[in-house]
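Participant: sequence plus the predicted model coming up.
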Amino acid sequence: MIHKSARELIQALVHVIVLSIIIFAVAFFFVEQKKYIGLVLLALGMLPLISLKILGHSIKATISEIVFGAFNTGLMVILAMGGFEIAGILGAVVGVAVGDALTEGFAGILEGEVIEILKKRGIREEVTPLHSSLGKMAGCLIGSGAVLIVAWLLLGI
């Protein structure tokens with residue numbers, strides 16, 4: 001018999017792997033469609049949340065994870081685009097590397113604050129491998145999609 005925590009870990013791994021394959025395939029199919037890639041990423045951000053609902057889990061239980069992912073990746077996309085504008089591919093890589101370090105710190109602060117707000121409102125966070133992984137996955141896609149939509153609208157990128 002598999003221990004409950006091992007079963008939860010396996011369930012999270014399976015869901016992340018399956019969703020990763022779908023997200024990767026769809027994103028790269030649409031990557032040339034610059035006008036729509038932000039919307040595609042936003043839509044893909046709903047897949048992990050739909051997966052949670054299908055499994056009978058509350059999306060409210062992952063709000064802080066979603067906020068973390070959206071802020072973290074949204075800001076990192078901005079820094080990667082800025083780095084690319086300054087120094088091409090190497091600038092984008094440096095933008096992602098530095099951006100990831102900076103956004104992890106700031107997103108962590110924001111995540112902690114959201115958890116405190118949720119506690120005050122009686123909403124309990126569920127920190128399990130499944131909630132953490134799918135919440136952050138959804139947030140990352142939502143944040144990057146939103147940034148790319150704004151970049152397209154404002155800059156025509």
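Facilitator: Cool, the structure landed.

Participant: give me the number of residues near the residue lying closest to G74 once chain neighbours are set aside?
Facilitator: Nearest non-adjacent residue to G74, counting by CB to CB, 6 or more residues apart in numbering: G143, 3.1 Å away. Where C-beta positions appear, they are placed from N, C-alpha and C, glycine not excepted. G143 has 28 neighbouring residues, counting by other CB atoms under 10 Å.

Participant: quickly find the element holding G143.
Facilitator: helix 129-155 (DSSP states H and E).

Participant: show me where pLDDT drops low in this protein?
Facilitator: Along the chain, segments meeting pLDDT under 70 span 1-2, 4.

Participant: from E85, how far out is the residue nearest the centre of it?
Facilitator: Note on the chain: the residue nearest the mean C-alpha position is C140, at 1.6 Å, using CA atoms, centre = their mean. For C140, the distance to E85 equals 22 Å [CB to CB, to the nearest Å].

Participant: where do the helices sit along this protein?
Facilitator: Secondary structure of the chain (DSSP state H): helices at 4-30, 37-44, 46-54, 63-120, 129-155.

Participant: show me what the third one is packed up against.
Facilitator: Meaning helix 46-54. Counting contacts by 3 or more CB pairs under 8 Å, 6 or more residues apart in numbering; DSSP states H and E, helix 46-54 packs against helix 4-30, helix 129-155.

Participant: if we go to 10 Å?
Facilitator: Packing partners of helix 46-54 (3 or more CB pairs under 10 Å, 6 or more residues apart in numbering; DSSP states H and E): helix 4-30, helix 63-120, helix 129-155.

Participant: of all these, which lies closest to L39?
Facilitator: When these are compared by CB to CB, helix 129-155 sits nearest L39, at 6.5 Å.

Participant: centre of the chain to the closest one, how far?
Facilitator: 5 Å (CA atoms, centre = their mean, to the nearest Å).

Participant: ditto for stretch 81-97
Facilitator: Using CA atoms, centre = their mean, the offset of stretch 81-97 from its chain centre is 20 Å.

Participant: kind regards, and thank you for your time.
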